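# Coordinates only, no sequence provided:
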DNA sequence: AATTTAGCTTTGTGATCACAATTTGGACTT
DNA sequence: AAGTCCAAATTGTGATCACAAAGCTAAATT
C-alpha cells in the first residue's frame, strides 16, 4: 500500500467555533479557489479533500455541491470533480457579464448610498493604493473585492451580489495564474471616478466607471496572460 | 406517537435510470419550486423530504445545498431551511436584474444565431400562442422558458444561463401565486419583436425587445399581484 | 391564570460502512 | 515492443447510526 499520492495542502482559514464542518470545508475550498491555490484542470477527490481539511467525506461533498452550483467547480459525467479551465471565449464572456451585472448593481445601489458610505469607500480605496505601492498584491486584490462588495451591498436587497461573487469565483483561479504572466501591473484604478460619480449622484457616469474599472483591470490582465499562455502552447 | 404531521407530496418528475438519488432529489425539489408547489415561507425538513422523495437524508441534504446556493432556498441561522418570501423590493430587484442579464445574454448570443435556429424559435413561439389560446397555462409558461433558454443557449459558452435560471427559480414560486390573482392574462408577448430583431441582426432592437418582454410580462403580472396581496393584508 | 421548568420529540449534523462503478497497474499474449 | 486482459485499489454514492441542539408539550410553581 503506497502512501497517498497527493495530500492536498489547502490554505487555512480561521474557523469560528459555531460554524459547521460543511461550512468550514466550503470556506476553505472557496478561499483556495479564489486565490488560485488549486490549478485549473486539477481533479479533486472527496476523500483527499476530507483528509486535507480534517473532516469526514460527508461535509466535503456538500461543500463541493455548493461550489459546483456556483460554477466554481465542474462535475464531469464520470462524476469526477475538477477546477474548470479557462479559455479565451469563456474569459470574454465572464468579463463582459461581470461588467453588465456590476454596472447594473451599482446603479441600483446608488439611491441607497449615504455620504458616510461613500467616505468609507474612499477610505478603502486609499488602503488599496497603499497596499499596491507596498507591493502587497494579496491585500490589494482583497481590498479591491471589498470595495466592490461594499458598493453593491448598499442596496438593502442585494440579489445581484451572489451572482457577482460567482463570477469572481470563476475568474479568480485564472487571474492568479494570469498575474504571474504580467510583467507590469496596470493599476488603472477607476475607483476615483466611481467615487466622483457617487458623490454627484450620476448614475450614467457611475455605470460607465464601474464597467471601465473591470474592463481595463481584469480584462486587460487576463487578455495579456491568455495571449502569452496560448503563445507558449503553440 | 402521533403520525407525521405533514408528509409533503411533491410533484413527480421522470427518473432516468442513471441519475443519482441526489440529482433526482434536486430535480424534483427544483421542479416543485418552479411550479410553485411549495408555498413561500414554508419550512422544509430533511427527513420529511427524504420520506416524500423516497431516498435517504444524505442525498436530500446535498440537493438542498445546491438549491440554497442558487438562492432558491434560504437557510436561516437556526439552520432551518425555507422557501424565501417575496417582497415588493425583492421582486423589483429580481425583475430588473433579469432584464439586464437576459438582454445582455441575447446580445451575446446574436452573432451565433443561424437562420435555422431562428426558425426553431419561431416554431416555439407558434406553439406558445397555441397553448395560450387553448388556456394551457402550464404548457405556455414551460414553452416560454424554452424560448428564452434556446435563445441564450445559441452562445457556445453560456455562462449567463445558470444565473438566468437562478433568477427564474427565485421568481417561479411567487409568479405561480401571482397568477391566481390575475383576472386577465396580459399576453403582451414581445417574441415577434425578438425574432424580427434576430433576423435583422439588430443588437439594440433585440436587447430592447427582450427587456420589454420581461418587464411587460413578468413585471406587470407580479406588480399587480403584489398590489392585491398587500392590499388584502392591510 | 400566567409563567417557568422538566422531559420528550424532532431536527440538523457528521462519521462510518457497504456497494458499485471506474480507474489503475501489471502480467500475459501476440 | 505494443496491445489486451484481469485483478486490486480508488472513488463516488447513499443508507444508517449516534449525538447535540432546538422546539414542543405538559406539569408544576408562583
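The structure has been received and is ready for your questions. As the structure is a computational prediction, the values presented were derived from the model and not from experiment.

# who touches whatever residue of chain A ends up closest to DNA strand C in this structure?
In chain A, no residue comes nearer to DNA strand C than residue A:56, which is 2.6 Å away by C-beta to the nearest atom of the strand. Every residue, glycine included, has its C-beta placed from N, CA and C. Each residue near residue A:56 by C-beta atoms under 8 Å, 6 or more residues apart in numbering or on different chains is listed here: A:21, A:50.

# What residues does chain A have near DNA strand C?
Within chain A, the positions near DNA strand C by C-beta under 7 Å from any atom of the strand are A:20, A:21, A:22, A:23, A:55, A:56, A:57, A:58, A:59, A:62, A:78, A:80.

# what's the nearest residue to residue A:58 if we skip its chain neighbours?
Among residues not flanking residue A:58 along the chain, residue B:58 sits closest, at 7.2 Å (C-beta to C-beta, 6 or more residues apart in numbering or on different chains).

# and that neighbour, what helix or strand is that in?
helix B:57-69 (DSSP states H and E).

# which residues sit against that helix?
By C-beta under 8 Å, 6+ apart, helix B:57-69 touches A:22, A:58, A:61-62, A:65-66, A:68-70, B:20-26, B:29-30, B:33, B:44, B:46-47, B:49-50, B:53, B:73-75, B:81, B:169.

# touching DNA strand D at all, it?
Yes: looking at helix B:57-69 against DNA strand D by C-beta under 7 Å from any atom of the strand, the contacts come from B:57, B:58, B:59, B:62.

# ok, then the element right after that helix?
Next in sequence after helix B:57-69, counting helices and strands by DSSP H and E, comes strand B:74-75.

# partners of that next one in the sheet?
strand B:81-82 (antiparallel) (DSSP bridges).

# Find out how far the strand it pairs with is from the centre of the chain, if you would.
19 Å (C-alpha atoms, centre = their mean, to the nearest Å).

# ok, and for stretch A:155-174, which residues are buried?
A:155, A:157-161, A:163-174 (16 or more other C-beta atoms under 10 Å in any protein chain shown).

# Tell me the spatial nearest neighbour of the residue nearest the centre of chain A, not counting adjacent residues.
Centroid-nearest residue in chain A: residue A:168, 3.1 Å away (criterion: C-alpha atoms, centre = their mean). Nearest non-adjacent residue to residue A:168, counting by C-beta to C-beta, 6+ apart: residue A:145, 6.8 Å away.

# Am I right that the one you found is in a helix?
Yes: assignment of residue A:145 by DSSP: H, G, I helix; E, B strand; the rest coil places it within a helix.

# Just want the residue of chain A that's nearest chain B.
Chain B sits closest to residue A:69 of chain A, with a gap of 3.8 Å, by C-beta to the nearest C-beta.

# and that residue, how far is that from residue A:31?
17 Å (C-beta to C-beta, to the nearest Å).

# Mind checking which of the two has more residues around it?
Shown here are residue A:69 and residue A:31; by other C-beta atoms under 10 Å in any protein chain shown, residue A:69 has more neighbours (21 against 15).

# Give me the pLDDT for that one.
The per-residue pLDDT reported for residue A:69 equals 97.

# try the one 10 residues further on
At residue A:79 the predicted local distance difference test score is 93.

# three-state assignment of it?
Counting by three-state DSSP, the backbone at residue A:79 sits in coil.

# Would you mark the buried spots in the helix or strand bottoming out on mean pLDDT in chain A?
The weakest-scoring helix or strand in chain A, judged by mean pLDDT, DSSP states H and E, is helix A:220-233 (a mean of 84). For helix A:220-233, a neighbour-count test (16+ other C-beta under 10 Å) marks A:221, A:222, A:224, A:225, A:226, A:229 as buried.

# now whatever helix or strand residue A:92 lives in: mean pLDDT?
Per DSSP H and E, residue A:92 falls inside helix A:88-109. Per-residue pLDDT over helix A:88-109 has a mean of 97.

# how near is residue A:31 to residue A:25?
Distance from residue A:31 to residue A:25, counting by C-beta to C-beta: 11 Å.

# make that residue A:102, sorry
Taken as C-beta to C-beta, the span from residue A:102 to residue A:25 is 29 Å.

# and these two? which has more neighbours close in?
The neighbour comparison of residue A:102 against residue A:25 (other C-beta under 10 Å) goes to residue A:25, with 28 against 23.

# Count the neighbours of the residue nearest to the more buried one when sequence neighbours are not counted for me.
Leaving aside its sequence neighbours, residue A:25 sits nearest to residue A:63 (C-beta to C-beta, 6+ apart; 4.0 Å). Residues near residue A:63, counting by other C-beta under 10 Å, number 27.

# now swap in the one 10 residues further on and tell me
By the other C-beta under 10 Å criterion, the neighbourhood of residue A:73 contains 23 residues.

# Just the pLDDT at it, thanks.
97.

# So what does it look like in phi/psi?
phi -130, psi 160 (degrees, to the nearest 10).

# Surely it and residue A:44 touch.
Yes: the pair residue A:73 / residue A:44 is scored as a contact, 7.3 Å apart, by C-beta atoms under 8 Å.

# Spit out the residues that contact those two alike.
With C-beta under 8 Å, 6+ apart as the test, residue A:73 and residue A:44 both reach A:64, A:81, A:82, A:83.

# wait, what's in contact with the second one?
If a contact means C-beta under 8 Å, 6+ apart, then residue A:81 has A:43, A:44, A:45, A:46, A:64, A:68, A:73, A:74, A:75 as its contacts.

# For ChimeraX, write the select line for the buried members of those.
Applying 16+ other C-beta under 10 Å to the contacts of residue A:81, the buried members can be selected in ChimeraX as follows:
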select /A:44,45,64,68,73
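
# sorry, back to before: for the helix holding residue A:92, packing partners?
If you count contacts as 3 or more C-beta pairs under 8 Å, 6 or more residues apart in numbering or on different chains; DSSP states H and E, helix A:88-109 packs onto helix A:137-152, helix A:161-181, helix A:203-214, helix A:220-233, helix B:88-109.

# one more time with 6 Å, if that's ok
Applying 3 or more C-beta pairs under 6 Å, 6 or more residues apart in numbering or on different chains; DSSP states H and E, we find helix A:88-109 packed against helix A:137-152, helix A:161-181, helix A:203-214.

# okay if I get those as a markdown table plus mean pLDDT?
Converted to a markdown table, the helices and strands packed on helix A:88-109 look like this (pLDDT from 0 to 100):
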| stretch | mean pLDDT |
| --- | --- |
| helix A:137-152 | 91 |
| helix A:161-181 | 90 |
| helix A:203-214 | 96 |
